[in-house]
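**Student:** what would the 3D arrangement of this be:
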Amino acid sequence: METRRRHNNQHFRRSEVNIMLLGGTGEGKSASGNTILGAEGIFQDEFLPEAVTRICQSEQTEVDGETVTVIDTVGLSDTNQMKITEAQTEIEQMLRRKNLDVFLLVIKLGHVFTKERSAVVQWIKDNFGEKFFQHTIVLFTYGDQLSVPIEDYLSKSQTLQDLLEKFSGRFHVFNNRNEDRSQVTALLHQINRLMMINENRRYTKKDYAMAQKSLLRNNCLNEAAKGAAAGAAAGAAAGAAGGAFAAKAGAVALTLGKGALIGASGGAVLLGVAACAGVYFLARKYIPRDVSVMQDEPERERLIRAAHRY
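**Tutor:** Here you go, the predicted model:
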């Protein structure tokens with residue numbers, strides 16, 4: 001049985017490896033891309049406080065007989081909404097041309113893992129979905145700054161331990177100042193082991209589309225909740241104001257106050273209905289019908305009805 005499994009794994013081995021680098025600004029993504037490619041200056045890696053890589057850049061080389069494609073992406077720490085939208089669009093276009101074998105989540109050693117860095121990981125997870133965890137290796141950079149073994153360093157950070165647990169403990173350390181190619185060979189061996197675990201199933205444009213669909217659905221439901229809360233607050237405020245006016249104005253004004261209260265409540269209901277209707281039609285517009293994105297039509301209609309009920 002073991003011999004047969006080993007034979008199958010060898011059968012699954014590819015001669016082409018597609019890698020995407022992800023992470024915050026200044027973590028060392030571009031420098032790591034240059035290290036993998038074995039050349040300086042292909043990806044710009046100047047030490048600057050803002051992202052250098054525009055959005056996505058793809059380069060290819062041959063390493064140890066394997067064709068390796070490296071895709072560098074914009075730093076996600078300080079990107080505005082326009083840049084994020086552009087990043088989503090370019091990543092989708094990139095995935096139409098190449099499916100991915102592995103994501104390298106790049107993290108710089110020596111810095112505290114702040115809430116901002118955690119938010120970057122969360123953004124990546126939200127946009128790439130649960131399958132992101134199956135195809136990812138954490139790549140620690142600036143390994144030359146370590147004064148202790150990496151295991152000792154990680155043992156002192158519960159946050160990093162929790163992060164690595166999400167990726168089944170997979171990590172690698174780069175010293176981007178070291179020209180020794182053995183660290184690249186070791187990384188490619190680890191990537192090949194991960195590919196075998198995944199039975200050579202790549203992360204595809206369909207996986208990304210499904211993740212984006214889920215993200216859109218959650219955003220729609222969140223907006224519906226906000227709209228309903230705003231409608232309830234507006235109705236309560238209008239009703240209180242009408243009641244105070246009626247108390248001062250007497251019996252005739254009381255009648256008017258009741259009318260105002262009813263009108264305000266009706267307005268609140270209409271506001272809530274409008275918010276839910278907006279979500280309903282937004283879902284119909286943006287939840288795609290393409291069978292390559294949706295599993296089946298009933299699933300699409302279920303999502304729309306769920307948004308409508310909300």
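**Student:** what about Thr69, which helix or strand?
**Tutor:** Secondary structure from DSSP states H and E places Thr69 in strand 66-73.
**Student:** same check, this time on Met94
**Tutor:** Judged by DSSP H and E, Met94 forms part of helix 81-97.
**Student:** after that helix, which helix or strand is next? Please name it.
**Tutor:** That would be, after helix 81-97 and using DSSP H and E, strand 102-108.
**Student:** now do that following strand against strand 66-73, angle only.
**Tutor:** 50 degrees (axes from the mean of the first three to the mean of the last three CA atoms, to 10 degrees).
**Student:** and the average pLDDT for strand 102-108 is what?
**Tutor:** For strand 102-108, mean pLDDT rounds to 97.
**Student:** who does it pair up with?
**Tutor:** Here strand 102-108 is paired, per DSSP bridges, with strand 16-22 (parallel), strand 136-141 (parallel).
**Student:** buried deepest among those strands, which one?
**Tutor:** strand 136-141 (a mean of 24; mean count of other CB atoms under 10 Å). The way it works is simple: take the backbone N, C-alpha and C, and place the C-beta from them, glycine included.
**Student:** need the contact partners of that strand.
**Tutor:** 21, 27-28, 31-32, 102-109, 150, 163-164, 167, 170-174, 176, 187, 190-191, 194 (CB atoms under 8 Å, 6 or more residues apart in numbering).
**Student:** redo that, cut-off 6 Å
**Tutor:** Strand 136-141 is contacted from outside by 28, 32, 103-109, 167, 170-174, using CB atoms under 6 Å, 6 or more residues apart in numbering.
**Student:** now stretch 107-126
**Tutor:** Contacts of stretch 107-126 (CB under 6 Å, 6+ apart): 22, 24, 27-28, 76, 132, 140-142, 145, 159-160, 215.
**Student:** change it to 7 Å
**Tutor:** Stretch 107-126 has contacts (CB atoms under 7 Å, 6 or more residues apart in numbering) with 22-24, 26-28, 76-77, 132, 138, 140-143, 145-146, 153, 157, 159-160, 163, 215.
**Student:** tell me which of those fall in strands.
**Tutor:** Leu22, Val138, Phe140, Thr141 (DSSP state E).
**Student:** count the neighbours of the residue lying closest to the last one once chain neighbours are set aside for me.
**Tutor:** Leaving aside its chain neighbours, Thr141 sits nearest to Gly28 (3.3 Å; criterion: CB to CB, 6 or more residues apart in numbering). For Gly28, the neighbour count with other CB atoms under 10 Å is 23.
**Student:** ok, now which ones touch Gly28?
**Tutor:** By CB under 7 Å, 6+ apart, the contact set of Gly28 is Val106, Lys108, Thr141, Tyr142, Asn176.
**Student:** quick one: Gly143 and Asn175 touch, right?
**Tutor:** Yes: in this structure, Gly143 is within contact of Asn175 by CB atoms under 7 Å, at 4.2 Å.
**Student:** from the recorded domain assignment, give the ranges for the protein.
**Tutor:** Annotated domains of the chain cover 2-203, 208-309 [automatic domain parsing].
**Student:** comparing these, which gets the lowest mean pLDDT score?
**Tutor:** domain 208-309 (a mean of 59).
**Student:** what about Thr25, how many neighbours?
**Tutor:** Using other CB under 10 Å, Thr25 has 19 other residues around it.
**Student:** cool, Ala230 as well?
**Tutor:** 14.
**Student:** wasn't it part of a helix?
**Tutor:** Yes: read with DSSP: H, G, I helix; E, B strand; the rest coil, Ala230 is one of the residues of a helix.
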